[in-house]
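> Build the 3D model from these lines:
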Amino acid sequence: MSPFAKAALLSVAAGFIFNLETTVVKAIEGVPLATLVLARALGQLGWTLPALLRDPTLPRTRALPMQVFRGLLSVVSWYTYYIAFVGLPLATATVLSFTSVLFVTALAGPVLGEKVRWRRWSATLIGFAGVVAIVRPGSVGAVALDWPLAASLASALMGAAIVLTTKTLARTERTGTIMFWIGVVAVAVALPVALPGLAWPGWTNLLLLVLCGLCGPFAMHLWINALRMVDASVVAPISYVRLVFAAATGVLLFEEVPDAWLGLGAALIVGSALYITRREAQVAQRRAAPLAANAQAAIPIQSAIQPVKPEAARASSSGPGSSPNSR
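Residues are numbered from 1 along each chain as shown. Sure thing, here's the model as predicted:
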């Protein structure tokens, strides 16, 4: 099987499991929101325990304040994310969650100092026009301007902040270390909030809580592995199959029928997000090309001095900071 086929299967599986998580959140009854978030936090921490047993140095970090901030962003994002999916139709909440890519573009300049040119700004504005099409305030059948809608956009904004802080952390920290501290901080925040309302949920709800807690990190694991095989611009279009899963689940389980306005908004948001992803990949390739050329030019000089080991050649060709796992 080709790397693209494997990445495509992993991306589809990740989309299915992400949709399963939100379906559980929407379907579960009699469980406080704080308990759901605690289950997600415990699942995050539990997911890192095997890696911690293999490598006791996993918690070591050179950026503890940023790790704590990253964990706080995650737990706030989970709260708003679950509020959105409880209060909105599955397909609508899923489409609005895709606006995270638009927020990343809007924040990349002031936060990371990246130069965002007019093409990506235009795509971002078109994407936000899709949000207006979905909400269509004042129209018949419009999405209510209330907490679930605000929570969905807040969750997307938090997701963008998570992407940007993770990019910063990935320069010095391992992926496993980042994942571990997300779990630690999330549990430390979620447990005191959930403690007053903790009660035996019943066996069915307990199983659903476990499923909710594990789906998020498992789906992210699959998605990261897909990105290791092919470029993000290649696999990103496949990841939007999650919208198909959400629409089908909404119709079959919750009697939610998408309308034409949702279709228009989804087309604008997904289309702009795909364009931005493709454009960022092109920019990254242009930036990497001179580095690769310099590395290739340096190899004959190094060879004249001393033989180049295969491991060293691979390290030089990968470039600095190519993967957080390499640190």
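
> hey, let's count contacts and neighbours off CA atoms from now on
OK.

> buried set for stretch 57-68?
58-59, 61, 66-68 (16 or more other Cα atoms under 10 Å).

> Could you dump these into TSV and include secondary structure?
Listed next are the buried residues of stretch 57-68 as TSV, based on DSSP: H, G, I helix; E, B strand; the rest coil:
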residue	secondary structure
Leu58	coil
Pro59	coil
Thr61	coil
Met66	helix
Gln67	helix
Val68	helix
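
> and of those residues, the nearest to Leu49?
Of all these, Leu49 sits closest to Leu58, with 9.8 Å by Cα to Cα.

> what sits against that closest one?
51-52, 176-177, 180 (Cα atoms under 8 Å, 6 or more residues apart in numbering).

> Now it: phi and psi?
Backbone torsions of Leu58, given as degrees, to the nearest 10, read phi -50, psi -40.

> do Leu198 as well
phi -70, psi 130.

> Please pick the buried ones from the contacts of Leu58.
52, 176-177, 180.

> quick one, what contacts Ser272?
Neighbours of Ser272 in contact, by Cα under 8 Å, 6+ apart: 102, 123-124, 126-127.

> which among the contacts of Leu58 gets closest to Thr35?
When these are compared for distance to Thr35 (Cα to Cα), Phe180 wins out at 20.2 Å.

> How confident was the prediction at the closest one?
pLDDT recorded at Phe180 is 94.

> Quick check: it touching Leu45?
Yes - if you go by Cα atoms under 8 Å, Phe180 and Leu45 touch, sitting 6.1 Å apart.

> Tell me the spacing between Leu268 and Thr177.
For Leu268, the distance to Thr177 (Cα to Cα, to the nearest Å) stands at 36 Å.

> Could you do Gly183 as well?
Counting by Cα to Cα, the gap from Gly183 to Thr177 is 10 Å.

> same question, Ala129
Where Thr177 is concerned, Ala129 sits at a distance of 38 Å (Cα to Cα).

> same deal with Arg54?
Plainly put, Arg54 is 13 Å away from Thr177 if you go by Cα to Cα.

> Same question for Gly46.
Per Cα to Cα, Gly46 is found 13 Å from Thr177.

> how many other residues sit next to Trp200?
When counting by other Cα atoms under 10 Å, one arrives at 9 neighbours for Trp200.

> Val241 now?
A count of nearby residues for Val241, using other Cα under 10 Å, gives 16.

> From the contacts of Leu58, which land in helices?
Taking DSSP state H, the ones among the contacts of Leu58 that sit in helices are 51-52, 176-177, 180.

> Tell me where this protein is predicted with low confidence.
108-116, 137-145, 232-233, 283-327 (pLDDT under 70).

> got the contact list for stretch 15-27?
Outside stretch 15-27, the residues that touch it by Cα under 8 Å, 6+ apart are 36, 82, 85-86, 90, 208, 211-212, 215-216, 218-219, 239-242, 245-246, 249.
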